[in-house]
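[1] pasting a predicted model and its sequence here:
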Amino acid sequence: MLVAPFPSIQTTVGDRTPPPPRRGSSAATRHASGSPVLIAWLVFGVVTLTCVPVARGNAFFGATLPFWLVAAPLINLAWSRRDRIAAAVKALAASRSRRTRLLQAQRMRGSPSRSALSRVFR
């Protein structure tokens, strides 16, 4: 199902090592060709599960068909775009921690608007 490139593992044949990767052969470039197929597979799966009730699973098949029609392409898309996802998660975590530090600093300084409101509602 998943074919993952492992750049840290290099196979050697005799005394020769494999040639270095060509320019532009990053993970994004290698997996870019499969993304339209995976997206089409995902769209087909969602449409099939929406329109065909039998495809949603039953006592005989269980939930294997929904997995192969929706979950498998989602997992493959996430795996092929893991660098982008990791960068987005890091950026989100950084913005949240920055916002938290800013709010804590405002609390420690005692924001004038907050102290005025606290006097009114006591």
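    Great, that's in hand.
[2] quick one: low-confidence ranges for this protein?
    Low-confidence segments of the chain, defined by pLDDT under 70, span residues 1-33, 61, 99, 102, 104-122.
[3] longest helix anywhere in it?
    As far as residue count goes, and with DSSP state H defining each element, the longest helix of the chain is helix 82-109.
[4] residue 67: how many residues sit nearby?
    14 (other Cβ atoms under 10 Å). The C-beta positions use only the backbone N, C-alpha and C, and glycine is treated the same way.
[5] in contact with residue 57, which residues?
    63, 64, 65, 66 (Cβ atoms under 8 Å, 6 or more residues apart in numbering).
[6] put the buried members of the residues you listed into a ChimeraX selection.
    Here the buried members of those are turned into a ChimeraX selection, burial being counted by 16 or more other Cβ atoms under 10 Å:
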select :65,66
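[7] among the contacts of residue 57, which are in helices?
    Those of the contacts of residue 57 mapping onto helices are 64, 65, 66, per DSSP H.
[8] related to what we said a few turns ago, summarise which helices and strands the longest helix of the chain is packed against.
    Judged by 3 or more Cβ pairs under 8 Å, 6 or more residues apart in numbering; DSSP states H and E, helix 82-109 is in contact with helix 27-32.
[9] may I have the following helix or strand past the helix it packs on as CSV, with CA atoms only?
    The first helix or strand that comes after helix 27-32 along the chain, using DSSP states H and E, is helix 35-51. Below are the C-alpha coordinates for helix 35-51, written out as CSV (Å, rounded to 0.1, in the frame of the first residue of the first chain):
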residue,chain,number,x,y,z
SER,A,35,-1.2,12.8,-6.2
PRO,A,36,-3.8,13.3,-9.0
VAL,A,37,-4.5,9.6,-9.1
LEU,A,38,-4.9,9.5,-5.3
ILE,A,39,-7.2,12.5,-5.3
ALA,A,40,-9.3,11.0,-8.1
TRP,A,41,-9.4,7.7,-6.1
LEU,A,42,-10.5,9.6,-3.0
VAL,A,43,-13.2,11.5,-4.9
PHE,A,44,-14.5,8.3,-6.5
GLY,A,45,-14.6,6.6,-3.1
VAL,A,46,-16.5,9.4,-1.4
VAL,A,47,-19.0,9.6,-4.3
THR,A,48,-19.4,5.8,-4.3
LEU,A,49,-20.0,5.6,-0.5
THR,A,50,-22.4,8.5,-0.7
CYS,A,51,-24.5,7.2,-3.6
